[in-house]
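Participant: what shape does this take:
(one chain, ligands or ions: 2)
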Amino acid sequence: IIGITVSKQDNFSQWYQEVVLKAEMIEYYNEISGFFIMRPATMYIWNVIRKWFTAEIEALGVDETNFPMFLSAKSLEKEKDHVEGFAPELAWVTKAGDKNLEVPVAVRPTSEAVMYPYYAKWIRSHRDLPFRLNQWNSVVRWEAKQTTPFLRAREFLWQEGHTAHLTEKLAGEEVLQILELYARIYEEILAVPVVRGKKTENEKFAGGYYTTTVEGYIPSNGRGIQGATSHCLGQNFSKMFDITVEDPAEKGKHINVWQNSWGLSTRVIGVMVMIHGDDKGLVLPPRISKIQVIIVPVGITKSVTEEVKASHAAQLQDIKKTLLSAGVRTDEDQREGYTPAWKFNDWELKGVPLRIEFGPKDAAKEVVSYARRDTGEKGTIPIAEIDTKVPELLETIQKDLYTKAKASFDEHRVVVEDWEKVVPALDAKNVVLIPFCQEPKCEDKIKDLTTTKHDESPDASVPQAPSMGMKSLCIPFEQPKQLVEGTKCLNPECQATAQSYVMFGRSY
Ligand SMILES: O=C1CCCN[C@@H]1CCCn1cnc2cc(F)c(F)cc2c1=O
Ligand SMILES: [Mg+2]
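Facilitator: Ligands and ions are numbered 1, 2, ... in the order given. Below is the predicted model of the structure:
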């Protein structure tokens, strides 16, 4: 096994590709670019998330559904004004066998247009509300930009929830309930901190009314990344698709329902890899690690007597059984012909959070030796205490991973109230919180003003690589501080009054 050949610091994008490949999470689908094969290590993580989220939304009264994967041009037509921007991403089927299809069909990039004609049919009375369906599937978006595993693929797994409510208030409550579930997936399961907020007009889903989002931060390049979105669609789609109920307050009157749609995709796995991984490879939070503890036998040299070998082997089995019955996902590495060191590297590459080394010396002292994957810390635990100490250690690892990532995000999320300090802050791998007027045109201008074209650097001898401008990431629900009355928008070319602090950054 050759490990990761580049350092995360020096070559982040190659580091990332090597980690997802060598940790056996992904295989490139070489037949067609932009598609990736998700292997068991990935599907284990996705299924932990799916099980947890399914239980939570079932408790909210959401049912599961499964709609066809193809869209007719006719139903796409209904949402044409906001879909036109997406048209280049649509994949079309034009033939079946050697016959052209009368009417080409599109592969779903999302399922509003597939589902909502049937919402119109099924939702008649206010007693049908709230109407809530969720489906787990894959969608296809023929991305033009460079693709990368998990973060930007032409097909990805996600869940898409689509709900209908009687009032804006009821819809709004659910939008935030789901957003909080997304935040918990990141924070409690993936040990990744996120900022909760609302997208600006420029960044929201154009077909919707407003978009709420959880935003992540990638320390390696200081970029923001959209983690998952929960949209209130308002009555936009119920007007397009004529989804109405009789007004309970006024007989004969019909009202368009208020809808939400919310989605979280396998992108979450890429975010987790980028944040926790290191130069030895993947680092998995215990909550999502298929193997939480790997036991590696050590010290079985030629000089060890058969008798010691036998008792050591028996004790190792006891240790494994004790951990398994303590609810720890435990395995042993008995591969012949590989040194312990080789095995250590292999399991470190695959991100197993805790290694237990057990040899005759440990047996004699009635301890196990351990090594934490996240910090490398080593120690020993009395065999008599492993059923409590090992689960505790795994919990500590989960918490420490989150705490470390949270500290990094908090340190690199800075309030900037002097325009000159914005680009330097971005260059120092920060996302910034600036007083902002929230005008779309102003946001476009800010992106422009913060895009440094090459050769604009002071001494042209060192042509500064062009760096992308900053986009708005979200309007944080939790504002960093009270905005002083009358504060101006930070954009020097804008005279408008700032509405709030808005988080901006270079982003994925
Ligand atoms: O983001 C979500 C959550 C789950 C349900 N859908 C919403 C909005 C999806 C926004 N969106 C996102 N991407 C798209 C790509 C396309 F090619 C296209 F035709 C339409 C879309 C498109 O509507
Ligand atoms: Mg897109």
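Participant: where along the chain do the helices fall?
Facilitator: Assigned by DSSP state H, the chain shows helices spanning 12-22, 40-59, 73-78, 80-83, 112-122, 168-184, 236-240, 267-276, 306-325, 340-349, 360-365, 386-411, 422-427, 440-449.
Participant: among the ones you listed, which comes closest to G207?
Facilitator: Minimum separation from G207 across the helices of the chain (C-beta to C-beta) falls at helix 80-83, 3.8 Å. Glycine gets a C-beta too; all of them are placed from N, C-alpha and C.
Participant: show residues contacting the closest one.
Facilitator: 76, 113, 205-207 (C-beta atoms under 8 Å, 6 or more residues apart in numbering).
Participant: widest-spaced pair of the residues you listed?
Facilitator: Pairwise over the contacts of helix 80-83, using C-beta to C-beta, the maximum falls at L76 and F205, 15.9 Å.
Participant: beta-bridge partners for the residue nearest to T167 when sequence neighbours are not counted, please?
Facilitator: Nearest non-adjacent residue to T167, counting by C-beta to C-beta, 6 or more residues apart in numbering: W258, 6.0 Å away. Counting by DSSP bridges, W258 is bridged to H165.
Participant: need the pLDDT of W258.
Facilitator: Confidence at W258, expressed as pLDDT, is 98.
Participant: if I look at it, how far off is E246?
Facilitator: 15 Å (C-beta to C-beta, to the nearest Å).
Participant: number of nearby residues for P219?
Facilitator: Residues near P219, counting by other C-beta atoms under 10 Å, number 17.
Participant: list the contacts for it?
Facilitator: 275, 405, 408-409, 412, 429.
Participant: in TSV, list those residues along with distance to ligand 1, pLDDT and neighbour count.
Facilitator: What follows is those, written out as TSV (distance: C-beta to the nearest ligand atom, whole Å; pLDDT from 0 to 100; neighbours: other C-beta atoms under 10 Å):
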residue	distance to ligand 1	pLDDT	neighbour count
I275	22	98	26
A405	25	98	24
S408	27	98	17
F409	23	98	21
H412	27	98	18
K429	28	98	18
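Participant: for G61, which non-adjacent residue is spatially closest?
Facilitator: That would be R132: by C-beta to C-beta, 6+ apart, it lies 5.9 Å from G61.
Participant: report the beta-bridge partners for the one you found.
Facilitator: T163.
Participant: roughly how far apart are it and A206?
Facilitator: 24 Å.
Participant: equivalent analysis for A183, please.
Facilitator: Taking C-beta to C-beta, one finds A183 at 24 Å from A206.
Participant: just H165 next, same as before
Facilitator: 21 Å.
Participant: who has more neighbours out of the two?
Facilitator: H165 (22 against 16).
Participant: does that one really touch W258, like I thought?
Facilitator: Yes - between H165 and W258 there is a contact at 4.7 Å, judged by C-beta atoms under 8 Å.
Participant: overlap of the contact sets of the two?
Facilitator: Shared contacts of H165 and W258, counting by C-beta under 8 Å, 6+ apart, come down to A171.
Participant: contact partners for the residue of the stretch 201-350 of the chain found nearest ligand 1?
Facilitator: Ligand 1 sits closest to G263 of the stretch 201-350 of the chain, with a gap of 2.9 Å, by C-beta to the nearest ligand atom. Contacts for G263 (C-beta under 8 Å, 6+ apart) come out as 110, 158-161, 228-229.
Participant: turn the residues you listed into a markdown table, including pLDDT and neighbour count.
Facilitator: Shown next, in a markdown table, are the contacts of G263 (pLDDT from 0 to 100; neighbours: other C-beta atoms under 10 Å):
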| residue | pLDDT | neighbour count |
| --- | --- | --- |
| T110 | 97 | 21 |
| W158 | 98 | 18 |
| Q159 | 98 | 20 |
| E160 | 99 | 23 |
| G161 | 99 | 21 |
| A228 | 98 | 26 |
| T229 | 98 | 23 |
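Participant: restrict the residues you listed to contacts with ligand 1.
Facilitator: Counting by C-beta under 6 Å from any ligand atom, 110, 160, 229 from the contacts of G263 sit close to ligand 1.
Participant: enumerate the residues of the stretch 251-400 of the chain near ligand 1.
Facilitator: Within reach of ligand 1 by C-beta under 6 Å from any ligand atom, the stretch 251-400 of the chain has these residues: 261-263.
Participant: let's see that with 5 Å instead.
Facilitator: Counting by C-beta under 5 Å from any ligand atom, the stretch 251-400 of the chain comes close to ligand 1 at 261, 263.
Participant: pLDDT weak spots in the stretch 251-400 of the chain?
Facilitator: For the stretch 251-400 of the chain, applying pLDDT under 70 flags no range at all.
Participant: next one, pLDDT for the closest residue to A144 other than its chain neighbours please.
Facilitator: Spatial nearest neighbour of A144, chain neighbours left out: P88 (6.3 Å); criterion: C-beta to C-beta, 6+ apart. Looking at P88, its pLDDT is 95.
Participant: P88 against K145, yeah?
Facilitator: No - P88 is beyond contact range of K145, at 11.0 Å (criterion: C-beta under 8 Å).
Participant: what's the first-to-last distance across stretch 491-502?
Facilitator: Using C-alpha to C-alpha, to the nearest Å, one end of stretch 491-502 lies 12 Å from the other.
Participant: so what's the gap between that stretch and the chain middle?
Facilitator: From the chain centre to the centre of stretch 491-502 is a distance of 31 Å (C-alpha atoms, centre = their mean, to the nearest Å).
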